[in-house]
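Student: sequence plus predicted model, see below.
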Amino acid sequence: MHLISLITINRNNVNGLKKTFDSIYSQTCKDFEYIIVDGGSTDGGIETIQKFDSSIIRLTWISEPDLGIYNAMNKGIRMATGEFLLFLNSGDWLAADNVVENVLPHLNNDFEIISGELELIKSNNEKIKLFPPAFVNLNYCISSGLTHPNTFIKKALFEKYGYYNEQNKIISDWEFFLIVCGLNRCNYKSIPVLVSCFAMDGVSSNNENILKQETKAALQRLLPWWKKLERLIRHKC
């Protein structure tokens, strides 16, 4: 059993899949398992996966239709045997060859969520580095929230609080962090390691209206008192 499970969700993004895999394959420390959940790609993705050398890293994969990105992620969670999970979807990549090597010393039973640094890559190649917060609370989880591709999640949290909400299209990782960090105050740690690079051309980067609608619905469901508190604060100000 490995301490880390790296999970990639892919559907018809063969070039992104190759970029993601290259960054994983080149890790100086290969003490992890790699899981690919493919949604039945027809662009050569399956043939590409079959060419990956599983004698170098432990690779497990499936290719079948799914019900959306969070349904695919939940499949990956169930397949994972690692204690900590990192979701690195096709098109995103580990920031350096020694990411796993640098992160491993920080993973222990004292913490359940461990978040490193993330580099955002805009379409014009502009780079923006995001640093994890020193601590998280309910207000942070509501107003901002942890970012996904640079955050290691203890698998036991999914077993305790539930998997990703498959009814959402793009906010279920934010919703999950709200539940485990904001409402249940899990043990969190930030680390000074640049973990991954995220290309800002994905689903969650280009659907502002869906993002607002799903966020509002989640807050009403999980925190029915929040809107009343906001009105009270505005009134007092």
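Tutor: Now that the structure is in, tell me what you want to look at.
Student: hang on, residue 211 packs against residue 168?
Tutor: No: with contact defined as C-beta atoms under 8 Å, residue 211 and residue 168 do not form a contacting pair (9.9 Å). Every C-beta, even on glycine, is put in place using the N, C-alpha and C of the backbone.
Student: neighbour count winner among those two?
Tutor: residue 168 (21 against 18; other C-beta atoms under 10 Å).
Student: ok, now which ones touch that one?
Tutor: By C-beta atoms under 8 Å, 6 or more residues apart in numbering, the residues touching residue 168 are 70, 175, 214, 218.
Student: hmm, 10 Å instead?
Tutor: 68-70, 174-175, 210-211, 213-215, 217-218 (C-beta atoms under 10 Å, 6 or more residues apart in numbering).
Student: and the longest strand for the chain?
Tutor: The longest strand of the chain (DSSP state E) is strand 188-199.
Student: show the subsequent helix or strand relative to that one.
Tutor: Counting by DSSP states H and E, the element after strand 188-199 in chain order, helix or strand, is helix 208-222.
Student: which neighbouring elements make contact with that next one?
Tutor: Judged by 3 or more C-beta pairs under 10 Å, 6 or more residues apart in numbering; DSSP states H and E, helix 208-222 is in contact with helix 138-143, helix 172-177, helix 226-236.
Student: residue 46 and residue 179, how far apart?
Tutor: Counting by C-beta to C-beta, to the nearest Å, the gap from residue 46 to residue 179 is 34 Å.
Student: what helix or strand is the residue lying closest to residue 23 once chain neighbours are set aside located in?
Tutor: Residue nearest to residue 23 in three dimensions, not counting chain neighbours: residue 93, with 3.7 Å by C-beta to C-beta, 6 or more residues apart in numbering. Applying DSSP H and E as the criterion places residue 93 in strand 93-94.
Student: neighbouring strands - and their directions - for that strand?
Tutor: strand 188-199 (antiparallel) (DSSP bridges).
Student: and the pLDDT for residue 173?
Tutor: Looking at residue 173, its pLDDT stands at 96.
Student: that one touches residue 148, doesn't it?
Tutor: Yes: assessed by C-beta atoms under 10 Å, residue 173 is found in contact with residue 148 at 4.5 Å.
Student: which strand or helix spans residue 5?
Tutor: Going by DSSP H and E, residue 5 is in strand 4-10.
Student: following element in sequence after that strand, please.
Tutor: Per DSSP H and E, the helix or strand that comes after strand 4-10 is helix 14-25.
Student: parallel or antiparallel, list what pairs with the helix or strand following that next one.
Tutor: Per DSSP H and E, the first helix or strand lying C-terminal to helix 14-25 is strand 33-38. Strand 33-38 sits in its sheet next to strand 4-10 (parallel), strand 58-63 (parallel), going by DSSP bridges.
Student: next, the angle from strand 33-38 to helix 14-25.
Tutor: 170 degrees (axes from the mean of the first three to the mean of the last three C-alpha atoms, to 10 degrees).
Student: buried sites along strand 33-38?
Tutor: Buried residues in strand 33-38, counted by 16 or more other C-beta atoms under 10 Å: 33-38.
Student: quick one: average confidence on it?
Tutor: For strand 33-38, mean pLDDT is 97.
Student: could you check how far stretch 155-168 is from the centre of its chain?
Tutor: 12 Å (C-alpha atoms, centre = their mean, to the nearest Å).
Student: what do you get for stretch 103-111?
Tutor: 17 Å.
Student: again with stretch 173-183
Tutor: 12 Å.
Student: got the CA positions of it in PDB?
Tutor: Output of stretch 173-183 as PDB, limited to C-alpha atoms (Å, rounded to 0.1, in the frame of the first residue of the first chain):
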ATOM      1  CA  ASP A 173     -14.700  20.000  -4.300                       C
ATOM      2  CA  TRP A 174     -15.400  23.500  -2.800                       C
ATOM      3  CA  GLU A 175     -18.500  22.000  -1.100                       C
ATOM      4  CA  PHE A 176     -16.500  19.100   0.300                       C
ATOM      5  CA  PHE A 177     -13.800  21.400   1.700                       C
ATOM      6  CA  LEU A 178     -16.600  23.500   3.300                       C
ATOM      7  CA  ILE A 179     -18.000  20.400   5.000                       C
ATOM      8  CA  VAL A 180     -14.800  18.900   6.300                       C
ATOM      9  CA  CYS A 181     -12.800  22.100   7.000                       C
ATOM     10  CA  GLY A 182     -15.400  24.700   7.600                       C
ATOM     11  CA  LEU A 183     -18.100  22.800   9.400                       C
END
